[in-house]
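In: Structure of the sequence below:
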Amino acid sequence: MSSSRVWILLGILLLGFEPSLTAQQEQYLLPSPKHYTKLEGEFRSKTIAIEADVHAETAVALMQEKLFKVGSMYPTKLTIKLVEHIDEALLNQEEAYRLVISPKGIAIESASRAGAYRALQTLRQLIDATAGQALSACRVVDWPSWRIRGFMHDVGRTYISMEELKKQIALFARFKINVFHWHLTEHQAWRLESKVYPELNSIAATERMPGRFYTLNEARDLVQWCKQHEVLLIPEIDMPGHSSAFERAMGFGMQTPQGKEVLKVLLREVAETLDVPYIHIGTDEVEFTDPEFVPEMVAFIRSLGRKVISWNPGWQYKAGEIDMTQLWSYRGKAQHSIPAIDSRLHYLNHYDLFADPIALFGSRILRQDEGSPDHAGAIVAIWNDRFAPDERGITAQNNLYASTLALAERAWVGGGYGYFDRASSILESRELPLYKAFADFERRLLWYKRRYFAQEPFPYVAQTQASWVIVDPISNQGDLAKVFPIETQYLSDIRSGRLAPPRQRPSYTYEGRTYGSRSYQGSGFYLRHVWGKRIMPGVYEHPEEQHTAYAMAWVHSPKAQTAGLIFETQNYSRSEPDLPPPLGHWDYRQSRIWINGTSIPAPKWTSVHTEASLETPLGNENATARPPIPVQLRAGWNRVLVKLPVDCFGTPETRLVKWMFTASLVSLETGEALPLRYHTF
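Out: Numbers count the residues shown, from 1 in each chain. Here you go, the predicted model:
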């Protein structure tokens with residue numbers, strides 16, 4: 001798609017208008033299909049007969065939902081036929097499909113139930129894109145680049161209701177997500193009912209949300225729900241670490257002889273209850289005192305007719321000793337002859353609203369373009385190390401929907417632009433392929449946000465229209481309040497009425513040295529980013545402590561208006577016990593933001609605790625947990641300046657200092673990005 005076409009479509013989206021979609025229905029498919037061919041004619045009938053080898057009920061429900069009259073007497077047909085092979089599909093035949101829409105009917109061919117279901121989701125999207133009008137005749141041949149495309153909830157730490165889980169599974173299945181990883185046990189609680197050892201679910205054994213666990217009947221029901229939506233459920237019983245709840249209930253550890261016997265009883269109970277092919281056994285973040293523990297558990301689970309998944313880093317396996325590994329943190333390593341799932345830098349609890357989804361969208365899963373026997377796919381994960389009692393808050397603050405749909409696109413389409421390195425985490429020039437691809441993805445993402453997620457916590461808004469200039473960092477020698485010429489010149493320009501952008505990207509001189517600037521696109525930027533002990537590339541190639549950065553934007557508004565400001569300078573990870581900012585300040589670093597010379601004060605923080613604790617819930621520290629701040633825009637050009645000092649990259653109040661900022665101007669009525677024009681150098 002050309003850049004001009006992307007911008008036309010994006011402009012339409014931001015202004016709230018939509019074109020006639022009949023002729024361009026393929027432009028709204030998410031994930032993008034491998035092959036789409038437009039054919040002559042249109043399918044106009046609103047009556048249809050269903051003839052299906054598989055998923056007949058799913059097809060009937062879909063067509064009735066879309067206001068088709070369904071009955072065997074109608075001449076036009078939707079056929080679903082199982083075939084041995086989709087010839088054009090290059091891999092993952094089990095999910096490949098062929099969908100043909102003609103004036104006479106709709107035909108689906110697939111090699112499996114899963115492929116037929118994926119085709120029906122494509123049909124759903126094509127129907128939705130027509131806005132009730134005729135379907136353009138077309139031929140779609142499609143298959144996934146990666147066979148595992150999933151999401152995980154850590155319900156062991158924080159219980160999430162069955163209704164919420166079902167809703168999310170059904171919504172994500174529309175976008176061809178095919179795995180739900182259910183992390184059921186943790187230090188805090190054992191969330192799966194045991195009839196044999198009910199003490200595991202007792203209040204005495206539970207540190208968080210006592211009394212909240214899933215009955216075996218509920219678990220069976222969730223497995224069936226996943227099967228209806230062609231989603232693989234992977235239950236995780238974490239062992240032998242992350243097991244304090246087990247120890248409180250039983251009085252002994254998992255690696256003792258008694259512990260192993262109890263685990264075998266529990267694993268048999270899980271296998272008899274859950275009709276699933278895999279059981280995940282964890283094995284991460286633990287000292288192994290019994291060298292036979294893991295091999296014994298793997299052998300036992302295999303004797304139950306189940307395959308086994310384990311975290312890496314964790315137990316050291318050789319080929320044949322485990323069925324699949326799931327890589328966590330940057331240290332996870334794929335191994336030859338052991339299929340690997342990539343979850344290394346896919347922790348949504350560490351994600352911000354804007355910058356990290358770009359990196360996820362741009363990433364090459366397992367540093368490969370597509371899957372192979374050794375490379376299975378990817379799962380995004382939410383780890384609620386910090387107590388999070390509100391389901392909607394969990395979804396919003398972790399930006400679950402936007403980030404998981406970014407994975408849905410990348411894992412289906414394949415390819416990518418790098419693995420969370422500079423090439424794939426920052427939108428620089430609008431002429432680069434990553435920018436163009438992400439702008440197109442964002443257009444489709446926000447289209448579905450309005451249609452499928454209108455009642456859901458979905459804080460992501462358009463950002464590809466925004467443009468910022470970020471200045472080279474200046475040494476502040478530990479004085480966070482120090483004022484530099486950038487700031488004084490900005491305030492002088494405002495007093496003089498100089499709001500329009502300069503002809504060239506600005507530079508500044510301070511103490512005989514010239515500081516240049518660079519342009520970036522989007523609404524969220526890491527100057528320095530960290531994942532644990534790993535430094536991730538950001539705006540600055542070699543960030544240093546005791547420096548001050550400035551970012552600026554020139555924003556044109558068609559009228560004087562009150563806008564909403566989404567702004568933060570430290571995205572609080574949901575896995576850290578960090579303290580809230582001091583009252584009256586955006587952070588502990590004296591960051592500031594001005595709009596047309598007016599300093600925008602920080603909101604009143606709802607959390608005022610002074611002792612770091614994982615049991616103290618986050619309040620409104622993150623921008624996604626509070627309403628936008630009303631700010632005034634002038635008709636014409638407006639100038640925004642952000643000041644970002646930093647002292648140390650780790651402090652007693654904030655363990656992992658994210659030198660960053662998020663800034664977006666939105667409508668106070670809709671919460672969506674305003675149709676503003678940003679100057680780009």
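In: what pLDDT, on average, does stretch 130-146 get?
Out: For stretch 130-146, mean pLDDT is 95.
In: got the CA positions of that stretch in CSV?
Out: The C-alpha coordinates for stretch 130-146 follow below in CSV (Å, rounded to 0.1, in the frame of the first residue of the first chain):
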residue,chain,number,x,y,z
THR,A,130,-19.3,-4.1,3.7
ALA,A,131,-21.5,-2.3,6.3
GLY,A,132,-24.5,-4.3,5.2
GLN,A,133,-23.9,-3.9,1.5
ALA,A,134,-23.0,-6.5,-1.1
LEU,A,135,-19.9,-8.7,-0.7
SER,A,136,-17.3,-8.2,-3.4
ALA,A,137,-16.5,-11.5,-5.1
CYS,A,138,-13.0,-12.7,-4.1
ARG,A,139,-10.7,-15.6,-3.5
VAL,A,140,-8.7,-15.8,-0.3
VAL,A,141,-6.1,-18.4,0.3
ASP,A,142,-4.5,-18.2,3.7
TRP,A,143,-2.5,-19.9,6.3
PRO,A,144,-0.5,-18.9,9.5
SER,A,145,3.2,-18.4,9.5
TRP,A,146,3.4,-19.6,13.1
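In: Would you indicate which residues of that stretch are buried?
Out: 130, 135, 136, 137, 138, 140, 141, 142, 143, 144, 145, 146 (16 or more other Cβ atoms under 10 Å). Quick note: C-beta positions are derived from backbone N, CA and C, even for glycine.
In: next one: stretch 446-462
Out: Quick answer for stretch 446-462 (16+ other Cβ under 10 Å): 446, 447, 448, 449, 452, 453, 457, 458, 459, 460, 461, 462.
In: Sort out for me which of those residues are in helices.
Out: Mapping those onto helices (DSSP state H) picks out 446, 447, 448, 449, 452.
In: Retrieve the pLDDT associated with the nearest residue to the third one once chain neighbours are set aside.
Out: With Cβ to Cβ, 6 or more residues apart in numbering as the measure, residue 30 is the residue that lies nearest to residue 448, at 6.1 Å, once sequence neighbours are left out. Per-residue confidence (pLDDT) for residue 30: 98.
In: Three-state assignment for residue 30, please.
Out: coil (DSSP: H, G, I helix; E, B strand; the rest coil).
In: How many residues are close by residue 79?
Out: For residue 79, the neighbour count with other Cβ atoms under 10 Å is 16.
In: Check which element follows the worst-scoring helix or strand of the chain on mean pLDDT along the chain.
Out: Ranked by mean pLDDT, DSSP states H and E, the helix or strand of the chain with the weakest confidence is helix 3-15, at a mean of 41. For helix 3-15, the succeeding helix or strand toward the C-terminus, using DSSP states H and E, is strand 35-43.
In: ok, and what's touching that following strand?
Out: Where contact means Cβ atoms under 8 Å, 6 or more residues apart in numbering, the residues beyond strand 35-43 that reach it are 22, 26, 29, 76, 88, 100-106, 134-142.
In: next one: stretch 47-54
Out: In contact with stretch 47-54 (Cβ under 8 Å, 6+ apart) are residues 56, 59-60, 63, 68-82, 105-106, 110, 113, 116.
In: Now list the buried members of these.
Out: Counted by 16+ other Cβ under 10 Å, the contacts of stretch 47-54 give 59-60, 63, 68, 70, 74, 76-80, 105-106, 110, 113, 116 as buried.
In: Hmm, residue 532 is touching residue 328, no?
Out: No: when contacts are counted by Cβ atoms under 8 Å, residue 532 is not listed as touching residue 328 (10.4 Å).
In: Can you pick out the residue with more neighbours from the two?
Out: Neighbours per residue (other Cβ under 10 Å) separate residue 532 from residue 328, with residue 328 holding more: 22 against 13.
In: so who does the more buried one touch?
Out: Contact analysis of residue 328 by Cβ under 8 Å, 6+ apart lists 284, 311, 312, 313, 343, 344.
In: Could you list which of the residues you listed belong to helices?
Out: Among the contacts of residue 328, no member is found in helices (DSSP H).
In: which among those end up buried?
Out: The buried subset of these (16+ other Cβ under 10 Å) comprises 284, 311, 312, 343, 344.
In: Model confidence score at residue 69, please.
Out: 97.
In: beta partners for it?
Out: With DSSP bridges as the criterion, residue 69 is bridged to residue 47.
In: Distance check, it against residue 49.
Out: Look at residue 69 and residue 49: by Cβ to Cβ, to the nearest Å, they are 10 Å apart.
In: in this structure, which spans are helices?
Out: According to DSSP H, the helices that the chain contains are 3-15, 56-65, 113-129, 162-173, 216-228, 244-250, 257-273, 293-303, 355-362, 391-397, 400-413, 422-425, 433-452, 485-495.
In: any idea of the angle the fifth one forms with helix 162-173?
Out: Inter-element angle recorded for helix 216-228 and helix 162-173: 10 degrees (by axes from the mean of the first three to the mean of the last three Cα atoms, to 10 degrees).
In: So for helix 216-228, mean pLDDT?
Out: In this model, helix 216-228 has a mean pLDDT of 98.
In: repeat for the second one
Out: Here helix 56-65 scores 98 as its mean pLDDT.
In: likewise the fourth one?
Out: Mean pLDDT, taken over the full extent of helix 162-173, equals 98.
In: How much space separates residue 382 from residue 181?
Out: Relative to residue 181, and taking Cβ to Cβ, residue 382 is found at 10 Å.
In: So which of these two has more stuff around it?
Out: Set residue 382 next to residue 181 and count neighbours by other Cβ under 10 Å: residue 382 wins out with 29 against 24.
In: residues in contact with the more buried one?
Out: Per Cβ under 8 Å, 6+ apart, neighbours of residue 382: 151, 152, 153, 154, 347, 348, 349, 394, 398, 400, 574.
In: Show me the beta-bridge partners of it.
Out: Judged by DSSP bridges, the bridge partners of residue 382 are residue 153.
In: separation between it and residue 38?
Out: Residue 382 is 39 Å from residue 38, by Cβ to Cβ.
In: Same question for residue 636.
Out: Residue 636 is 43 Å from residue 38, where distance means Cβ to Cβ.
In: Out of the buried residues of stretch 446-462, which is nearest to residue 359?
Out: Nearest to residue 359 among the buried residues of stretch 446-462 is residue 460, at 14.1 Å by Cβ to Cβ.
In: confidence score at the closest residue to residue 384 other than its chain neighbours?
Out: Nearest residue to residue 384, sequence neighbours excluded (Cβ to Cβ, 6+ apart): residue 158, at 4.0 Å. Here the pLDDT value assigned to residue 158 is 96.
In: Please tell me I have it right and residue 158 contacts residue 394.
Out: Yes: Residue 158 lies in contact with residue 394 (Cβ under 8 Å); the separation is 6.8 Å.
In: So which bits of stretch 409-416 are buried?
Out: 409, 410, 411, 412, 413, 414, 416.
In: contacting residues for the residue sitting nearest the centre point of the chain?
Out: In the chain, the residue lying closest to the centroid (Cα atoms, centre = their mean) is residue 403, at 1.8 Å. By Cβ under 8 Å, 6+ apart, the contact set of residue 403 is 348, 351, 356, 357, 360, 380.
In: ok, of those, which come out buried?
Out: 348, 351, 356, 357, 360, 380.
In: low pLDDT regions in this protein?
Out: 1-23 (pLDDT under 70).
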